[in-house]
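S.K.: Need a 3D model of the following:
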Amino acid sequence: MNDPHSASGLRTRSRSPEGVIVALSLCMALQMTSFVIPLPLFALRLEALGAGVKALGISAMAFALTSTLAAPFMGALADRLGRRYLMLVSLAAYVAAYTGYLLAPSAAVFIGVRGLAGAFTAGLMPAVTGLAADLAPGHRVARWLGFMSAGSSIGWAIGPVAGGLIFDRWGYAAALGVTIAMAAAAYLVALLAIPDARTARYVPAATQGGIQAPGRREPLLRRLGLSSSLIVLLLLFFAAMFGWAFIEPPFMFHAYNDLEWSSSQLGLVMSTYAVAMFLCGMTLGGLSDRLGRKPVIIVGMVLYSAQFFGLATFRSAVPIVAAFVVAGLGNALFDPTLSASVLEHSPAEHRTSILGIKSMVGSAGTILGSALISMLSTTLEARSAFLIAGAAVLLVTAVGVSGWDD
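M.R.: Numbering: from 1, shown residues only. Next up is the predicted model:
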């Protein structure tokens, strides 16, 4: 039997690495489409159930809280049992969650379903990112992660528009029915096209930077280390997730009530963000492999903040769309680059575990953002929320620059 950690690089007995990456991208495109379709509709659904901004914020917080608690354990479980196994569990959990969103008779049940979904889907992104990173040649990690992220961007581009159009024409039940079908399709792609550990051997990409060779087992946090660079990376991800979670509930109601957009118009604006992510991911996804991680992440975070200041400044659709395009470009720059940099500080045999910790930190940012906006929803104007989120992202980025010793 071939040693899966041999220096010869990744090989599969049944599928090429490129073929698996394509399958992963397709799976993520389907999954993200199903994930995004109902997002603009949750506010309307909760409003129909007699709730509002506070309930929407609590539901987002419930998803993030359970994700935070489960992510490190799911990441470690993926390292032990296999990443494909965790992918399938998470994708099946999404199918069940969307069914729950469709059938929930009250806001309380809706929030409970969203909380359970957070726990059982927490392993998806660490498992998928770990697989993609293992497949990538050592000098093209960010490029391949960017390609996988481009698949997710397709879902972000299609989902909001599709959800809004379906809802406007046929209602909430039809939109959730399509969501369930797309989630089931993502599960089938993973089941049929992603190799099992018995038929494929994944070898971590060539070591670079801070990646350590497999050796004596130590407690995970000790192996992880607390270098200033890693702390900065986690803080940046925390800030990005906090910013969006803090503005998401007021943004939805601001769009419907203040800007008087329809659900399809809101979906179109969100889709422009995803289209920008897709185009940037396909063309500039490997930029940090050539220019270095730090400058690309910093530029990406600055551009990402444009959405917050655009919402705070403008009331017409065109400049808001422009701000979301800029933010989408920033997201496509910093997200895969940040993941690649985190991997460079991770022991190769525990990549998924550490990606789980990264997901936990991001979920903690979502919890804090959702909790704060839920508490302040009755006293804080939407414009103020947008400005606070943008300032927080820029502040953490500025502090991170001074503390980064990479």
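
S.K.: mind listing the helices for the stretch 1-150 of the chain?
M.R.: Assigned by DSSP state H, counting those that start in this stretch, the helices in the stretch 1-150 of the chain fall at 17-36, 39-48, 53-81, 83-103, 107-120, 124-135, 141-170.

S.K.: where does the stretch 301-406 of the chain have low pLDDT?
M.R.: 346-351, 403-406 (pLDDT under 70).

S.K.: Now do the helices in it.
M.R.: Under the criterion DSSP H, counting those that start in this stretch, the stretch 301-406 of the chain contains helices at 306-313, 317-344, 351-376, 382-403.

S.K.: So which of those helices is nearest Met74?
M.R.: Of all these, helix 351-376 sits nearest to Met74, with 5.7 Å by C-beta to C-beta. To be clear about C-beta, it is placed using only N, CA and C from the backbone, and glycine gets the same treatment.

S.K.: picking up where we left off before, just so I know, which of the helices of the stretch 301-406 of the chain lies nearest Arg169?
M.R.: Taking C-beta to C-beta, helix 317-344 is the member of these nearest to Arg169, at 21.0 Å.

S.K.: The closest one to helix 141-170, inter-axis angle?
M.R.: Between helix 317-344 and helix 141-170, the angle comes out at 140 degrees (axes from the mean of the first three to the mean of the last three C-alpha atoms, to 10 degrees).

S.K.: buried stuff in stretch 42-56?
M.R.: For stretch 42-56, the neighbour count (16 or more other C-beta atoms under 10 Å) marks 42-47, 49, 51-56 as buried.

S.K.: which of these lies closest to Asp134?
M.R.: Proximity of the buried residues of stretch 42-56 to Asp134 was ranked by C-beta to C-beta; the top entry is Phe42 with 34.7 Å.

S.K.: Pretty sure the closest one sits against Gly57.
M.R.: No. Counting by C-beta atoms under 8 Å, Phe42 sits too far from Gly57 to count as a contact (10.8 Å).

S.K.: now what about stretch 83-98, what contacts it?
M.R.: Contacts with stretch 83-98, where a contact means C-beta atoms under 8 Å, 6 or more residues apart in numbering, come from 27, 31, 34-35, 38, 74, 77-78, 113-114, 116-117, 120-124, 126-128, 130-131, 176, 179-180, 183-184, 186-187, 190-191, 194-197, 202, 352.

S.K.: Can you flag the buried ones in the residues you listed?
M.R.: 27, 31, 34-35, 38, 74, 77-78, 113-114, 116-117, 120-124, 126-128, 130-131, 176, 179-180, 183-184, 186-187, 190, 194-195, 202, 352.

S.K.: Not counting its neighbours along the chain, what's nearest Gly369?
M.R.: Using C-beta to C-beta, 6 or more residues apart in numbering and skipping the chain neighbours, the partner closest in space to Gly369 is Ala245 (3.0 Å).

S.K.: Whichever strand or helix holds that neighbour versus helix 317-344: what angle between them?
M.R.: Using DSSP states H and E, Ala245 falls within helix 228-253. Per the same axes, to 10 degrees, the angle that helix 228-253 makes with helix 317-344 is 150 degrees.

S.K.: other SSEs contacting helix 228-253?
M.R.: helix 39-48, helix 53-81, helix 293-304, helix 306-313, helix 317-344, helix 351-376, helix 382-403 (3 or more C-beta pairs under 8 Å, 6 or more residues apart in numbering; DSSP states H and E).

S.K.: Indicate which one of those helices is closest to Thr283.
M.R.: helix 317-344 (9.2 Å).

S.K.: Run the angle between that closest one and helix 293-304 for me.
M.R.: Orientation check (the same axes, to 10 degrees): helix 317-344 against helix 293-304 gives 160 degrees.

S.K.: so how far is helix 317-344 from its chain's centroid?
M.R.: Computed by C-alpha atoms, centre = their mean, to the nearest Å, the separation of helix 317-344 from the middle of its chain amounts to 12 Å.

S.K.: next one: stretch 377-394
M.R.: How far stretch 377-394 lies from its chain's middle: 22 Å, per C-alpha atoms, centre = their mean.

S.K.: lowest confidence element among the helices and strands of the chain?
M.R.: In the chain, no helix or strand scores lower on mean pLDDT, DSSP states H and E than strand 11-12, which sits at a mean of 40.

S.K.: For Ile373, give me its contacts.
M.R.: Counting by C-beta under 8 Å, 6+ apart, Ile373 has contacts 53, 57, 245-250, 380, 385.

S.K.: Lowest-confidence one in the residues you listed?
M.R.: Within those, pLDDT reaches its minimum at Val53, with 72.

S.K.: Confirm for me that Arg114 is in contact with Phe63.
M.R.: Yes. With contact defined as C-beta under 8 Å, Arg114 counts as touching Phe63 (4.7 Å).
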